[in-house]
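1. Based on what follows, work out the 3D shape:
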Amino acid sequence: MINKKLLTSAAVITLTALISGCVTSNGTMNNNTSEVTKPSFAPVTNEEILNDEKSTGDVLTNGMGLKGQRFSPLTQVNKDTIKDLVPVWNFSFGGEKQRGQESQPIVKDGVMYVTGSYSRVFAIDIANGEELWQYDARLPDAILPCCDVINRGVAIYDNVVIFGTLDAKLVALDRKTGNVVWKKRVAKYKEGYSITAAPIIVKDMVITGVAGGEFGIVGKVEARDAKTGEVVWTRPTVEGHMGYLNGKENGITGGEAGRTWPGDLWKNGGAATWLGGTYDPETDLLFFGTGNPAPWNSHLRPGDNLFSSSRLAINPNTGKIVWHFQTTPHDGWDFDGVNELVSFNIDGKKLAGTADRNGFFYVLNRENGKFITANPFVSNITWATGIDKDGRPMYTAEGRPGNPNGASKGKSVFSVPSFLGGKNWMPISYSKNTKMFYVPSNEWGMDIWNKPVSYKKGAAYLGAGFTIKPIFEDHIGSLKAIDPLTGKIKWNYKNPAPLWAGILSTAGGLVFTGTPEGKFLAFDDETGEVLYKFNVGSGIVSSPITWEQNGEQYVAIVSGWGGAVPLWGGEVAKLIKNINQGGTVHVFKLHK
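-> As a prediction, the model looks like this:
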């Protein structure tokens, strides 16, 4: 619902004044403030969205371009000028609804659209940091989020902003007023479904996935008409389930049930598409990753368990799977394959790179999914000795947690990386200048063991226990600059706490990210030297953006500690239990 009264809890601070609650929820000015220039609300076109990675005056996609490279051609803020970067304003999400803030803002025509925890959306006037409107999804009490009440952002198209909610709905809001244009249920939250990813817009369609792999849901990718919310196609990501196109049957995923799953386990097979996807216009393919198979206890489901822990290439016109690549067949460690597949070209070759949760960085031919190379990007990997010539892992003997065989608990093993991954959700960046990927990684392991389990709708469906542990005394987080074809690590920034924020690289030679300790950092993209540091007062677990407005380059980041680490981190969570929560947008530009 739109908040119909003044939201005094959402205050903004500028360098020149303290402004609080100057704009009502419907975008009109209060009488006690001076009039400010009103933003434009020109419709956003498909062409603009396709050109987002090249344009500098806005940020229209999650990933700063549909390919997900998170690279900006802007150079005003660079290695020489970064020392003059100063805060312009900040905006508090307000209230007691803090928790994890993983949103990447969207910027168009002088307005920022950003989501907050508990499925909220804010529209902010960039000229002064004032709120234009707020939407609160008013979630039911029985939602079942796996990994905090986070939301990763909106999609923008025509005159609406679209986002997913924790009760598994898609909501389209009028960009100018925040009023609901349409609202559609994607799945049933009582069965364990939710949506946390930012949708993407391709060919007038809004495309999203679903979360809930820990509850035995069936993953899917779904395309809807962005203007009406009506389903165009849906593609389940577990073998054996029927896809649909324009309301008609469109082929069973994988051809038939039971090829790589035993018995009826495919009916609740997981493979959630919880991180969303990317799109490559050159090949006209959507790339979505899939999560762990359900349950975690792999002894209950012998086989590769397609299409879990995989990358899928999907035809955006039909919803058909064109190719797949499975990073962890028969996953027994919760090594979700959801991590973003980023398109890039080298020497005329159409490639795609991904830093998998299992600890290996993969490069694929994105036209056909053929394996090219894989190299470890974290230390001391235990579950596999390497990746063979076909891209399949060479499993370590005794590396899989043991079969309970009727007992209450199977043999425990120590495994590296932990189930939270060498890299989790936090997005990587590819620099067109250095040809390097910048990967936020974590060095940790886990004790993991299997337990008996059976499926019950809406209940946790794990069959495993675990305890996460650091593997080095001085750091867990590790930001690495990686050559994708050789796997060579050019530089490595070590951080005491786990890294959980996304990366932005720029043509100005900078790499931006944040830390749980609250540090907003900029690095030299060639050397890894820290060139800029600003403490925002709360842990950062979001993705930075940059854009140009009125001839000046802006940089923004959302702060607010939370996400999966404090909930699932075991001994690691105890080490960082005193980090402050929050919920604030921070905007910077060069000091004049």
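2. Report the spatially nearest residue to Ile468, omitting neighbours in sequence.
-> Excluding its sequence neighbours, the residue lying closest to Ile468 (Cβ to Cβ, 6 or more residues apart in numbering) is Gly570, at 4.0 Å. Where C-beta positions appear, they are placed from N, C-alpha and C, glycine not excepted.
3. Just the pLDDT for that neighbour.
-> On pLDDT, Gly570 comes in at 76.
4. Verify the contact between it and Gly465 for me.
-> No. Gly570 is beyond contact range of Gly465, at 10.4 Å (criterion: Cβ atoms under 8 Å).
5. Quick check: pLDDT value at the closest residue to Thr434 other than its chain neighbours.
-> Of all residues not flanking Thr434 in the chain, Asp525 sits nearest, at 5.4 Å (Cβ to Cβ, 6+ apart). Per-residue confidence (pLDDT) for Asp525: 98.
6. got the contact list for Asp525?
-> Residues in contact with Asp525, defined by Cβ atoms under 8 Å, 6 or more residues apart in numbering, are 431, 433-434, 436, 438, 481, 505, 509-511.
7. Which among these count as buried?
-> Neighbour counting over the contacts of Asp525 (16 or more other Cβ atoms under 10 Å) leaves 431, 434, 436, 438, 481, 505, 509-511 as the buried ones.
8. Can you tell me which of the residues you listed comes closest to Ala271?
-> Tyr438 (28.1 Å; Cβ to Cβ).
9. Give the next helix or strand downstream of the helix or strand of the chain with the lowest mean pLDDT.
-> Scoring the helices and strands of the chain by mean pLDDT, DSSP states H and E places strand 18-20 at the bottom, with a mean of 33. Using DSSP states H and E, the next helix or strand after strand 18-20 towards the C-terminus is helix 46-50.
10. Could you provide the contacts of Asp525 in a markdown table, with additional columns for secondary structure, pLDDT and distance to Asn492?
-> Output for those, formatted as a markdown table (DSSP: H, G, I helix; E, B strand; the rest coil; pLDDT from 0 to 100; distance: Cβ to Cβ, whole Å):
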| residue | secondary structure | pLDDT | distance to Asn492 |
| --- | --- | --- | --- |
| Ser431 | coil | 98 | 16 |
| Asn433 | coil | 97 | 19 |
| Thr434 | coil | 98 | 15 |
| Met436 | coil | 98 | 12 |
| Tyr438 | strand | 98 | 11 |
| Ala481 | strand | 98 | 8 |
| Ser505 | strand | 98 | 16 |
| Gly509 | coil | 98 | 18 |
| Leu510 | strand | 98 | 17 |
| Val511 | strand | 98 | 12 |
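11. Do a quick rundown of the helices in this structure.
-> With DSSP state H as the definition, the chain shows helices at residue ranges 46-50, 564-568, 571-575.
12. hang on, the earlier thing: look up how far Lys488 lies from the residue nearest to Thr434.
-> Asp525 sits at a distance of 15 Å from Lys488 (criterion: Cβ to Cβ, to the nearest Å).
13. cool, and Gln104?
-> Counting by Cβ to Cβ, the gap from Gln104 to Lys488 is 29 Å.
14. higher neighbour count, those two?
-> Taking other Cβ atoms under 10 Å, Gln104 and Lys488 do not tie; Gln104 has more neighbours (26 against 11).
15. Please name the residues that touch the more buried one.
-> Applying Cβ under 8 Å, 6+ apart, the residues contacting Gln104 are 62-63, 152-153, 198, 502, 542-543, 545, 558.
16. try 7 Å
-> When the contact criterion is Cβ atoms under 7 Å, 6 or more residues apart in numbering, the partners of Gln104 are 62, 152-153, 198, 502, 542-543, 545.
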